[in-house]
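In: sequence plus predicted model, see below.
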Amino acid sequence: MTRYRMIFSSILSFMVLLMTAVPSHAVQITFFALLDGPSESPPVASPGTGQALVVFDTVAHTLSINASFQDLVGTTTVAHIHCCTTVPGAGTVGVAVTPGTLPLFPAGVTSGTYATVLDLTQAATYTTGFLNNIVFGGGGTVAGAEAALLSGLRDGEAYFNIHSTFSPGGEIRGFLTEVPEPSTWLLLATGTLGLLGYGWRTRRSM
């Protein structure tokens, strides 16, 4: 698959996720990440790609996660959201949610989809290290952990990654970035898809 097709496919997948998973409510803050091997630290030579859509509901105190992935070299073991790195968009840090792996994340596959909703009012949602961390975590309280997670997400200091037998430290990952309200984003995405389609057609005609 060419790079244009990969980008086109990822954006199209995100648009579908956005329309089906994110109702238009002001209390919901949406984050998105494209996942790949070169974005791991250190980079991983993997053809695997994926996307993750995370919705933080500040009224319901929930974290909705929708993800898809494909073409991994190894089979999946665990998946996490890590937070919070010292530099936005770079570095590594411990797992924030949830201990072990995300609930019922599919293991032993090279492609798949995943969806879950986490209750941010429960201590079990967070790792002990994140819950008790006084620098970038909760400082010992669930409310503190929830606030720290939202802050890290909004600052670009949280990433989603998928670990595999090929790369136990993580085969693909991407930093989660806040996106506009769904209606605004869809307008932008439509224009972007048009430009990508034009570029793809132009390249094919050369």
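Out: Nice, thanks for sending it over.
In: going forward, measure contacts between C-alpha atoms and count neighbours the same way
Out: Will do.
In: residue closest to the middle of this structure?
Out: Compute the mean C-alpha point of the chain, and by Cα atoms, centre = their mean the closest residue is residue 52, 3.7 Å away.
In: what mean pLDDT does stretch 86-94 get?
Out: In this model, stretch 86-94 has a mean pLDDT of 97.
In: which residues sit against it?
Out: With contact meaning Cα atoms under 8 Å, 6 or more residues apart in numbering, stretch 86-94 is reached by 41, 82-85, 129-130, 155-158, 175.
In: for residue 97, give me its contacts.
Out: 80-82, 125-127.
In: which one of these sits closest to residue 112?
Out: Of all the contacts of residue 97, the one with the least separation from residue 112 (Cα to Cα) is residue 80, at 15.4 Å.
In: look up phi and psi at the closest one.
Out: Backbone torsions of residue 80, given as degrees, to the nearest 10, read phi -150, psi 160.
In: so who does it touch?
Out: Contact analysis of residue 80 by Cα under 8 Å, 6+ apart lists 95-98, 101-102, 160-162.
In: recalculate using a threshold of 6 Å.
Out: Shown in contact with residue 80 (Cα atoms under 6 Å, 6 or more residues apart in numbering): 101-102, 160-161.
In: what do you get for residue 142?
Out: Going by Cα under 6 Å, 6+ apart, the list of residues near residue 142 reads residue 123.
In: for residue 62, which non-adjacent residue is closest in space?
Out: Leaving aside its chain neighbours, residue 62 sits nearest to residue 119 (4.8 Å; criterion: Cα to Cα, 6 or more residues apart in numbering).
In: can you give me the neighbour number for the nearest residue to residue 109 once chain neighbours are set aside?
Out: Counting by Cα to Cα, 6+ apart, residue 109 lies nearest to residue 75, which is 4.7 Å off, once chain neighbours are set aside. By the other Cα atoms under 10 Å criterion, the neighbourhood of residue 75 contains 21 residues.
In: so residue 75 touches residue 106, yeah?
Out: No - the pair residue 75 / residue 106 is not scored as a contact, 9.7 Å apart, by Cα atoms under 6 Å.
In: okay, and the beta partners of residue 29?
Out: residue 56 (DSSP bridges).
In: I meant to write residue 162 there.
Out: Bridge pairing for residue 162 - DSSP bridges - gives residue 79, residue 172.
In: wait, doesn't it sit right on residue 170?
Out: Yes - if you go by Cα under 6 Å, residue 162 and residue 170 touch, sitting 5.5 Å apart.
In: the two: who's more crowded?
Out: Remark: of residue 162 and residue 170, residue 162 carries more neighbours, 28 against 25, as counted by other Cα under 10 Å.
In: who touches that one in this structure?
Out: By Cα under 6 Å, 6+ apart, residue 162 lies in contact with 79, 170-172.
In: distance check, it against residue 139.
Out: According to Cα to Cα, to the nearest Å, residue 162 stands 27 Å off from residue 139.
In: cheers, nothing more for now.
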